[in-house]
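Have a look; sequence and predicted model below, questions after that.
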Amino acid sequence: MEQLKGRIIYRGKAEGEALVTSMPISFYGGVDPNTGVILEKGHELEGQSVKDKILVFPQGKGSTVGSYTLYRMKKNNTAPAAMINKETETIVAVGAIISEIPFVDKIDLSKIKKGDTVKVENENVTIL
Amino acid sequence: MELTKQEKAMLDGKEGYAVKKSMEILVALGDIFGAEKLIDVGSVQVAGVSYHNLGDAGLDFLNSLAEDGRVKVLTTLNPAGMDLENWQQLGISPEFAEKQNLVIDAFTRMGILVSCTCTPYLIGNVPLYGEHIAWSESSAVTFANSVLGARTNREGGPSALAAAFVGKTPCYGLHLDENRVPDINVQVNAELSRLSDWGALGYAIGKKAENKIPYISGIKKATLDELKSFGASLVTYGAKPLFYIKDITPGAELRQQPKETVTIEKTDLDDAYNKINDQVDEIDFVCVGCPHCSIKEVAEIADLIRGKKVATGTELWVATSRTTKQLADKHGYTAIIEAAGGKFACDTCMAVAPLKGRFKALATTSAKGCFYSRQNLMKTKMGSMKECVDAAVTGKWNN
């Protein structure tokens, strides 16, 4: 069991399976809000669903409309259970706040492997 | 970030859901970007209005904010996905129109002026020199920072709305003097003879000053319309939303010429035209007004097209604010343009209307317009107002 501490962007508690990528994610156009599946061609996670996962990625990219895509995913029950970033930016931060998805950044992402069971509670990340 | 007692109360939900959500957004952004406090803003410009970009998710979110959210400062709105009155004539589907109207209803309930223009500074939202504002719409942000000397970051739709409900924005980035220092000197040696040359100049400098603030020398005069077009292009193609032009824009006299220097020669403008223009002769769409036409530009179009006819199979759109069109109506410019077969596209523009697949080839005065129209799968030609009106009349690009 390893404990990591980061910065709270949106507080909350969630536990689930980690889905990890070293590539930034564009939610607008890059993720299907109806299924939670990553659509971006050539993305490491292309074809995989973020639904109910602890989504671990460096930061967002692309259009600011991506904030609204996260909100739509939350409404459709296709959103991640929580998100972890290396260093976040406006699009994903605003998306997590308006969608009320637990979100922490300033975490060393190399500590988390795909398939790990991860618990997020405010600024604390625990790899179980 | 340090919050006052009143700000803490807003964050705790004492002023309702919309203000609480807004404070959460502002505090998170403030922490991410290292702001120490919130500062009052004089006005807000909200982008993210077209249903084409918002979708049902955005509409849901806006409706949830409209329940109890009311703006605290003068707040104007960016273009929507359609002309709110004349949408049928512009080929918009009733399904789209219904959804777009729901978006506009939500903004109206919030107390936002349904100005639907990317040029709020032409219709009464005019910030003062040094005034802090929270604007989205990159071309308006650039104009406000550079030509008016106001101070704003490039906000997204939700962060601008948050600033409107709270009346404040986190103090970081371009609100702080130390971040407004130019970091690249641009010596312009090329002659600028027509409006589109300013778009080409914006492209050329945007590429050479990527993510930088240019200090530009060598330009002897400029008009409002030229600076409006230049700023839109500059920020679309890569620079920060702030520029200085020696002896022309305010604050340039207070800045030192940066050491790093690049030059812009005629070949750089030619290269910009080559990159922006496609190989195409037949033009089926002419759209002028990106950013929205000023009344002076509408008058120029009327003067050029008086007594002529737009070619069969070609459409001419004049994109402008409804406020500007009302002035054009009174002066008879509208009648001249419509008699020639041209159409007004108020409240909307080529960048946000659902145009994918409707037209094959665009002629425009705007470098920014070309960028967005390519995403709508059009070929593009950029030229002067006269070249664009000629293309509308002949259906061809004569170059």
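Noted; the coordinates are in hand.

In contact with B:Trp135, which residues?
Contacts for B:Trp135 (C-beta atoms under 8 Å, 6 or more residues apart in numbering or on different chains) come out as B:Ser43, B:Val44, B:Gln45, B:Pro120, B:Val141, B:Ala144, B:Thr152, B:Glu155, B:Ala160. In this view, the C-beta of every residue, glycine as well, is placed from N, C-alpha and C.

Next, count neighbours for the fourth one.
Applying other C-beta atoms under 10 Å in any protein chain shown, we find 29 other residues in the vicinity of B:Pro120.

do the same with B:Val288
28.

Relative to B:Pro79, how far out is it?
The span separating B:Val288 from B:Pro79 equals 14 Å under the rule C-beta to C-beta, to the nearest Å.

go on, B:Cys171?
As judged by C-beta to C-beta, B:Cys171 and B:Pro79 stand 29 Å apart.

Excluding its own residues, what touches the strand or helix carrying A:Thr69? List them.
Using DSSP states H and E, A:Thr69 sits in helix A:66-75. Residues outside helix A:66-75 that contact it (C-beta under 8 Å, 6+ apart) are A:26-28, A:30-31, A:33, A:36, A:50, A:60, A:79, A:90-92, A:94-96, A:98-101, B:48, B:54-58, B:60-61, B:156-158.

Show the buried residues in the residues you listed.
A:26-28, A:30-31, A:33, A:36, A:50, A:60, A:79, A:90-92, A:94-96, A:98-99, A:101, B:48, B:54-55, B:57-58, B:60-61, B:156-158 (16 or more other C-beta atoms under 10 Å in any protein chain shown).

quick one: which of these sit in helices?
The members of the buried ones among the contacts of helix A:66-75 that map onto helices under DSSP state H are A:27-28, A:30, A:90-92, A:94-96, A:98-99, B:54-55, B:57-58, B:60-61, B:157-158.

Can you name the residues of chain A sitting close to chain B?
A:7, A:9-10, A:33, A:63-65, A:67-69, A:71-73, A:75, A:88-91, A:93-94, A:97-98 (C-beta under 8 Å from any C-beta of the partner chain).

Separate out the buried members of these.
A:7, A:9-10, A:33, A:63-65, A:67-69, A:71-73, A:88-91, A:93-94, A:97-98.

Please work out how many residues are found near B:Val71.
By the criterion of other C-beta under 10 Å, B:Val71 has 21 neighbours.

so it touches B:Arg109, yeah?
No. Taking contacts as C-beta atoms under 8 Å, B:Val71 lies outside contact range of B:Arg109: 10.5 Å.

overlap in contacts of those two?
With C-beta under 8 Å, 6+ apart, B:Val71 and B:Arg109 have no common neighbours.

and A:Trp15, that one's in a helix?
Just to correct that, residue A:15 is Glu rather than Trp. No. Counting by DSSP: H, G, I helix; E, B strand; the rest coil, A:Glu15 falls outside a helix, being strand.

quick one, what contacts residue 43?
All of this is about chain A. Contacts of A:His43 (C-beta under 8 Å, 6+ apart): A:Thr21, A:Met23, A:Ile25, A:Gly30.

actually chain B
B:Ser43 neighbours (C-beta under 8 Å, 6+ apart): B:Val73, B:Leu74, B:Thr75, B:Thr76, B:Pro120, B:Asn125, B:Pro127, B:Ile133, B:Ala134, B:Trp135.

Write down the beta-bridge partners of the last one, one by one.
When assigned by DSSP bridges, B:Trp135 has beta-bridge partners B:Gln45, B:Arg154.

model confidence over the helix or strand where B:Thr142 lies, on average?
Applying DSSP H and E as the criterion places B:Thr142 in helix B:138-143. Averaged across helix B:138-143, pLDDT comes to 95.

which helices and strands sit right next to that helix?
Applying 3 or more C-beta pairs under 8 Å, 6 or more residues apart in numbering or on different chains; DSSP states H and E, we find helix B:138-143 packed against strand B:154-155, helix B:224-236, strand B:285-293.

contacting residues around the residue nearest to B:Thr320 when sequence neighbours are not counted?
Nearest residue to B:Thr320 in three dimensions, chain neighbours excluded: B:Cys293, at 4.2 Å (C-beta to C-beta, 6 or more residues apart in numbering or on different chains). By C-beta under 8 Å, 6+ apart, the contact set of B:Cys293 is B:Ile301, B:Val318, B:Ala319, B:Thr320, B:Thr324.

partner residues bridging A:Ala18?
With DSSP bridges as the rule, A:Ala18 is bridged to A:Ile54.

That one: neighbour count?
If we define neighbours as other C-beta under 10 Å, then A:Ala18 has 20 of them.

same thing with B:Ser146?
For B:Ser146, the neighbour count with other C-beta under 10 Å is 26.

which non-adjacent residue is nearest B:Ser64?
B:Tyr17 (7.3 Å).

so the one you found sits right up against B:Asp68, yeah?
Yes. Using C-beta under 8 Å, B:Tyr17 makes contact with B:Asp68 at a distance of 5.6 Å.

B:Gly91 and chain A, how far apart?
Per C-beta to the nearest C-beta, to the nearest Å, B:Gly91 is found 23 Å from chain A.

Number of residues surrounding that residue?
13.

check contacts around the residue nearest to the spatial centre of chain A.
Centre of chain A computed as the mean C-alpha position; nearest residue by C-alpha atoms, centre = their mean is A:Met83, 3.0 Å away. Applying C-beta under 8 Å, 6+ apart, we find A:Met83 in contact with A:Ile54, A:Leu55, A:Val56, A:Phe57, A:Val92, A:Ala96, A:Ile101, A:Pro102, A:Phe103, A:Val104.

If we use 6 Å, what do you get?
With contact taken as C-beta atoms under 6 Å, 6 or more residues apart in numbering or on different chains, A:Met83 is in contact with A:Leu55, A:Phe103.

same check, this time on the one 4 residues further on
Residues in contact with A:Glu87, defined by C-beta under 6 Å, 6+ apart, are A:Gln59, A:Asp105.

how does it look with 7 Å?
A:Gln59, A:Asp105, A:Lys106 (C-beta atoms under 7 Å, 6 or more residues apart in numbering or on different chains).

is it true that the second one touches A:Leu4?
No. Taking C-beta atoms under 7 Å as the definition, A:Asp105 is not a contact partner of A:Leu4, at 11.3 Å.

Who has more neighbours out of those two?
A:Asp105 (23 against 19).

and the residue nearest to A:Pro58 when sequence neighbours are not counted, how many residues sit next to it?
Distances taken as C-beta to C-beta, 6+ apart place A:Lys86 nearest to A:Pro58, at 4.3 Å, with adjacent residues excluded. Per other C-beta under 10 Å, the neighbour tally for A:Lys86 reads 17.
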